[in-house]
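1. Coordinates only, no sequence provided:
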Ligand code: AMP
């Protein structure tokens, strides 16, 4: 019976009276099941030898425990000697008979352990050597370290090692939704305790550690790389829609830049910069603005400047830079002068890329840069050097800031510094400087001029003239110039005399010949001018009288003036099979009405009907592509009034009369064609390089006709217009004659304004009261008389252009007698003296000389007779 009085079965032996006992009890085969060390717990009772009466020295109080390893689970007989002893087991407690009588069991429990590693199982055996003993129970077991999770790694149930001190190394495996941070390891100790955990695992993104496992983050939470440990709530302006979110997506309209950490709130691009102010300084602009109202929740704002019309970044300078600006200010320089620009300031931050709301984030300003003088000419180079001259060439300034109208070359002897210098002007980028002293050091400087004025002079170029004594071309030219300038007066005197003689000798016939030569222009019966406004379709009119030119044949070079409808440029025209010629190009400005186009082209339709050396020649029109253009011959010296003002006092009376004759000849042609000009004035006469004057500007007749009211008050050129035309719009060839008289006065006074600064009303009044312009200084009386004839109040008393022409021819033929007396106070001798001589005489051919004094019609006769150069004209004798 056990303590609870439950009967138990035991193995007993009690051979205490007999010596040399060896009684064996053996277990069945016990499988090892992977265990390496087994534990044997034995419960037994043992009788105290002393309590046994009559027992001698044979009684024992111990027994032996053995084991035997074997793969065989059914061994029948194992020799005792094959068993290995584990231990001799003694009782801690023993009992006596009395104890039994009291039914007090004194049960001993002893545990022994042993390594079993060689076979699949083992047998245990107990040897009694003469004790009184009862074996109550034997429990055999082994120890394991139980399955566990440590640092998010699972360690399996592991048998302890074979030795009592051995540690079994075990590798853990990461729990679900986690990954190794460092190899997880632990040691299983002999006692079945886990020891020394190393390494471990971490939860995957979107998961967090909870009770040794990885759990998905809840909706509205996330766990990203940068966040350690637990899931965190989505940052402002972001959200997550599913469990296990690794990142919170930005709400609509909010963004995250690539470098923004996931824990940062989502942000927005900035709003537009505010209060953009610009300050223009010539060709630079300073732009300043304030920061945007909304920075979008970020601090990495920067600005960039966009420039409409900036021609490539290399041309324009942005200071400190064009983009990535941190400050709210930028200076833009090296812009083109007098040009409209639109600048846009864009605000951006880390999330602007691809999310820019376009115009919403920018602010613009449109401005016009100021006029600015051209930048200095920098590259002057000297070419041929002679004793008396040098040829220079240079490049256009880096920043012309407009169309270069001319260059000015300033030069002086180095020794004399700038105390005395000379200036030469030229439209091209080169100049031949002559008239220098041999073997002398000169300094040359060049500057450019545009409508905005002169730029700065270049740095001086130093150069020494040659000592070479050989006669050079320049020298020869110089001597010719000298010769011509000295004898200029004599030449002209002789020419006039010769012409006079020739004409006298040829008598009536030559007069008739002259008339018939001009007849093709004069005969009123032959052609009559057709008013283009009688055509319903203005294009039909223009194509009737003007040739259509393909724009690709025109090469525009520079702007030379501003006309009523747009710019006037000079350039070159090359037509198939023809020599390239210089032309003037009038263009119709971009935005035009039908009426403006019609008015603009009407000038071409009118001009195209004329063919005369003193009427500006129309080359053609461009109407089939834009801009619409009118192409005419190029008149190098521009309009007569400016030209004369520029050369005040530099011409002989003969030269001036020559110009007047040309104009009269053109006007006669027009009146013969029944065309009334209505706006004859020096400003509407153009002058070419040979000083030939041609009538131009055929626009006004139309305006006056169309809109008499308007014309009457604002458009009518009062100072040039006859009283009857002003009073009741009676425009006739005679009213053109009146205007011609005023042109004569303008020419003889070198471009003075008729009636000076009197008001239009005063002019009308004065004329009505009989007042007429007085003779300009040095004006021969007969010329002033001709003016007064043109200004007869009664229009029928005014001379016709045929008469005017004859009259001028007469004057030219007899210069010494007719042009001698002047109304002004310049000495008589100056009439025939060229004041600025060489410039206008030296470069002329014999033909130019004749043309300039209005005797071009004798050219052929004189050429046939061998008079081909101005020098040869010198040799003409009286006969
Ligand atoms: P217009 O519209 O004809 O008054 O021309 C305006 C300005 O352009 C004139 O005052 C001239 O200076 C210049 N211009 C016009 N036509 C020519 C031309 N054929 N040759 C040279 N300059 C011209």
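-> Thanks, I have it. These figures come from a predicted structure and were not determined experimentally.
2. any idea how far the closest residue to residue 398 other than its chain neighbours lies from residue 147?
-> Nearest non-adjacent residue to residue 398, counting by C-beta to C-beta, 6 or more residues apart in numbering: residue 375, 5.2 Å away. In short, each C-beta sits where N, CA and C put it, glycine included. Residue 375 sits 89 Å away from residue 147, going by C-beta to C-beta, to the nearest Å.
3. neighbour-wise, which of these two wins?
-> In this view residue 375 and residue 147 are compared by other C-beta atoms under 10 Å, and residue 375 has more residues nearby, 17 against 10.
4. residues contacting that one?
-> Residues in contact with residue 375, defined by C-beta atoms under 8 Å, 6 or more residues apart in numbering, are 397-401, 455-456.
5. Likewise for residue 382?
-> Listed by C-beta under 8 Å, 6+ apart, the contact set of residue 382 reads 390-392, 444, 461, 463.
6. now swap in residue 571 and tell me
-> Residues near residue 571 by C-beta under 8 Å, 6+ apart: 554-558, 582-583, 585.
7. and the closest residue to the ligand within the stretch 101-250 of the chain, how many neighbours does it have?
-> When distances are taken as C-beta to the nearest ligand atom, the stretch 101-250 of the chain reaches nearest to the ligand at residue 250, 63.9 Å away. Neighbours of residue 250 under the rule other C-beta under 10 Å: 20.
8. From what I see, it and residue 235 are in contact.
-> No - at 9.4 Å, residue 250 does not count as touching residue 235 under the criterion of C-beta atoms under 8 Å.
9. what residues are shared contacts of those two?
-> When contacts are counted by C-beta under 8 Å, 6+ apart, residue 250 and residue 235 are jointly contacted by residue 266.
10. thinking again about what came up before, kindly indicate whether the residue nearest to residue 398 is helix, strand or coil.
-> coil (DSSP: H, G, I helix; E, B strand; the rest coil).
11. One more: residue 802?
-> Following three-state DSSP, residue 802 is assigned to helix.
12. Buried ones in the host helix or strand of residue 289, by neighbour count?
-> Secondary-structure assignment from DSSP states H and E places residue 289 in strand 284-290. Burial within strand 284-290, assessed by neighbour count using 16 or more other C-beta atoms under 10 Å, is assigned to 284-285, 287-289.
13. ok, the residue of the stretch 151-300 of the chain found nearest the ligand to residue 399 distance?
-> Residue nearest to the ligand within the stretch 151-300 of the chain (C-beta to the nearest ligand atom): residue 283, separated by 26.4 Å. The gap separating residue 283 from residue 399 is 7 Å, by C-beta to C-beta.
14. Of these two, which one has the most company?
-> Neighbour comparison, residue 283 and residue 399: the larger count goes to residue 283, with 21 against 18 (by other C-beta under 10 Å).
15. Setting aside sequence neighbours, what's the nearest residue to residue 659?
-> Spatial nearest neighbour of residue 659, excluding adjacent residues (C-beta to C-beta, 6+ apart): residue 693 at 4.7 Å.
16. check contacts around that neighbour.
-> For residue 693, the contact set (C-beta under 8 Å, 6+ apart) comprises 614, 640, 659, 662-663, 666, 685-687.
17. JSON lines please, covering those residues and showing secondary structure.
-> Listed next are the contacts of residue 693 as JSON lines, based on three-state DSSP:
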{"residue": "614", "secondary structure": "coil"}
{"residue": "640", "secondary structure": "helix"}
{"residue": "659", "secondary structure": "helix"}
{"residue": "662", "secondary structure": "helix"}
{"residue": "663", "secondary structure": "helix"}
{"residue": "666", "secondary structure": "helix"}
{"residue": "685", "secondary structure": "strand"}
{"residue": "686", "secondary structure": "strand"}
{"residue": "687", "secondary structure": "strand"}
